[in-house]
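In: structure for the following, please:
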Amino acid sequence: MDRLLRSKDPLLRSIFDSTTDRIWCIDDELRLLEMNAAYARFMPEVTGIEPRTGMNILDLFKDEGSVVYWKDLYLRAMRGEHIETRHFHLLHGITVESELRLNPVQDQAGNIIAVTAI
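Out: Down below sits the predicted model:
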């Protein structure tokens, strides 16, 4: 996805970053491939950790419960499941509810190569 965003007109990157929806993509090894500006701003506020492309997405979480929760969701999506769920997190001491969608990304042969999250 990162190569796609860089190879296209800068307009595509602008569209990706202009939304307030958090968007990110991971590969089959749970490495963060791409994220938009909203996700990059949000994650340090919630986890205290700055997301970086190439990092294992689970390294954003300090507690085992969060690691188990997110790993389960990502692996289900990697097996082809389209997931829609509600997620709760603390932001500045307030519990916030977010809608989450995880979708498998397939290559031309139909193999799942990544998961996008919105």
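In: find the centremost residue of this structure, please.
Out: residue 24 (3.3 Å; CA atoms, centre = their mean).
In: which parts of the chain are helices?
Out: In the chain, the helices defined using DSSP state H lie at 2-7, 10-18, 37-47, 64-78.
In: for the second one, what is the average pLDDT?
Out: Throughout helix 10-18, pLDDT has a mean value of 83.
In: shouldn't residue 105 be in contact with residue 26?
Out: No - the pair residue 105 and residue 26 fails to qualify as a contact (CB atoms under 8 Å) at a distance of 9.6 Å. C-beta here means a position set from N, CA and C on the backbone, and glycine is covered the same way.
In: looking at the two, which is more packed in?
Out: Ranked by neighbour count (other CB atoms under 10 Å), residue 105 and residue 26 place residue 26 first, with 26 against 18.
In: what's the pLDDT at that one?
Out: 97.
In: picking that back up, surely the residue nearest to the centre of the chain and residue 35 touch.
Out: Yes - using CB under 8 Å, residue 24 is in contact with residue 35, at 4.2 Å.
In: convert the C-alpha atoms of stretch 11-28 to PDB, please.
Out: Presented in PDB, the C-alpha positions along stretch 11-28 are these (Å, rounded to 0.1, in the frame of the first residue of the first chain):
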ATOM      1  CA  LEU A  11      -3.800  13.700  -4.500                       C
ATOM      2  CA  LEU A  12      -4.200  10.100  -3.400                       C
ATOM      3  CA  ARG A  13      -2.000  10.700  -0.300                       C
ATOM      4  CA  SER A  14      -3.900  13.900   0.400                       C
ATOM      5  CA  ILE A  15      -7.200  12.000   0.200                       C
ATOM      6  CA  PHE A  16      -5.900   9.300   2.500                       C
ATOM      7  CA  ASP A  17      -4.700  11.900   5.100                       C
ATOM      8  CA  SER A  18      -7.600  14.300   4.900                       C
ATOM      9  CA  THR A  19     -10.100  12.100   6.700                       C
ATOM     10  CA  THR A  20     -10.500  12.100  10.400                       C
ATOM     11  CA  ASP A  21     -11.100   8.300  10.200                       C
ATOM     12  CA  ARG A  22      -8.100   6.300  11.400                       C
ATOM     13  CA  ILE A  23      -6.800   4.100   8.600                       C
ATOM     14  CA  TRP A  24      -4.000   1.600   8.700                       C
ATOM     15  CA  CYS A  25      -2.800  -1.500   7.000                       C
ATOM     16  CA  ILE A  26      -0.700  -4.500   8.200                       C
ATOM     17  CA  ASP A  27       0.900  -7.400   6.400                       C
ATOM     18  CA  ASP A  28       0.800 -11.100   7.100                       C
END
